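Chemist: here's a sequence, model it:
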Amino acid sequence: MYAGPMNLIEGYAVEPLTTERFDDLELILGRGGISGCWCMYWTIPTTTLWSKGAKGGSTAPNRAAFLAIVDAGPPPGMIVYADGEPAGWCRVMRRTDLPGLANSRHFRTDLEIDNVWSLPCFVVRKQFRGRGLTTVLVKAAIGHVSSQGGGILEAYPWDTSDRKAPSTVYTGLAATFERLGFEVVQRLVPHKPMMRLIID
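Modeler: As a prediction, this is how the structure comes out:
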């Protein structure tokens, strides 16, 4: 249940993930942390290492590794609350802290990355989908980057109008980012653009 200062975006409370809110993240990701991922996919340099860390679900090494990131700070993402319950989550980190992106065949780049923040994944609990919470989380991330002095916010959405399973479009949809002013800066494969927004 949400308790804390009201940081409202479109009527929803959004707060940074801290150690005290890790239980809320677990409610969003589920007991197994989405097949043991625990939001570590882009943090670990290779898929092979990530897969080893995913084994064990609720006791996976990835869980312990991500909790250590949360404990160390700064907050690695944002949680949105709806009806007083943890409803959704997005990761927002500096791109240089996500080495998996550099090794991705879709999102490796020769573009500037030193002042780039990444929005690599979103999760919204089933009962809260259809409320626009991904948009709320993107707006929260924009505000977060602005509060850190600005920079470039980067996203990796699917560019499709076809219906896809939430587990497939965990990076979001291009249309969402287009509405918020993001522009395509790179497209190594047709359905996976890399999009950026400059934030003052």
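Chemist: quick check: buried residues in the lengthiest helix in the chain?
Modeler: Longest helix of the chain, by residue count under DSSP state H: helix 133-147. Using 16 or more other CB atoms under 10 Å as the test for burial, helix 133-147 gives 133, 134, 135, 136, 137, 138, 139, 140, 141, 142, 144, 145. All C-beta spots, glycine's among them, are computed from the backbone N, C-alpha and C.
Chemist: tabulate those residues (a markdown table), appending distance to residue 114 and pLDDT.
Modeler: A markdown table is the format used below for these (distance: CB to CB, whole Å; pLDDT from 0 to 100):
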| residue | distance to residue 114 | pLDDT |
| --- | --- | --- |
| 133 | 30 | 97 |
| 134 | 27 | 96 |
| 135 | 28 | 97 |
| 136 | 28 | 97 |
| 137 | 24 | 97 |
| 138 | 22 | 97 |
| 139 | 24 | 96 |
| 140 | 23 | 95 |
| 141 | 18 | 96 |
| 142 | 19 | 95 |
| 144 | 18 | 93 |
| 145 | 14 | 94 |
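Chemist: nearest to residue 161, of the residues you listed?
Modeler: If you rank the buried residues of helix 133-147 by distance to residue 161 using CB to CB, residue 134 comes first, at 15.8 Å.
Chemist: now that closest one. Nearest residue, chain neighbours left out?
Modeler: Spatial nearest neighbour of residue 134, excluding adjacent residues (CB to CB, 6 or more residues apart in numbering): residue 122 at 5.3 Å.
Chemist: what's the burial count for the one you found?
Modeler: Neighbourhood size, residue 122 [other CB atoms under 10 Å]: 26.
Chemist: okay, now the unreliable bits of the chain?
Modeler: Scanning the chain for pLDDT under 70 picks out 1-6.
Chemist: what segments of it are strands?
Modeler: 8-9, 12-16, 77-82, 85-91, 93-94, 116-119, 122-124, 151-155, 183-187, 193-199 (DSSP state E).
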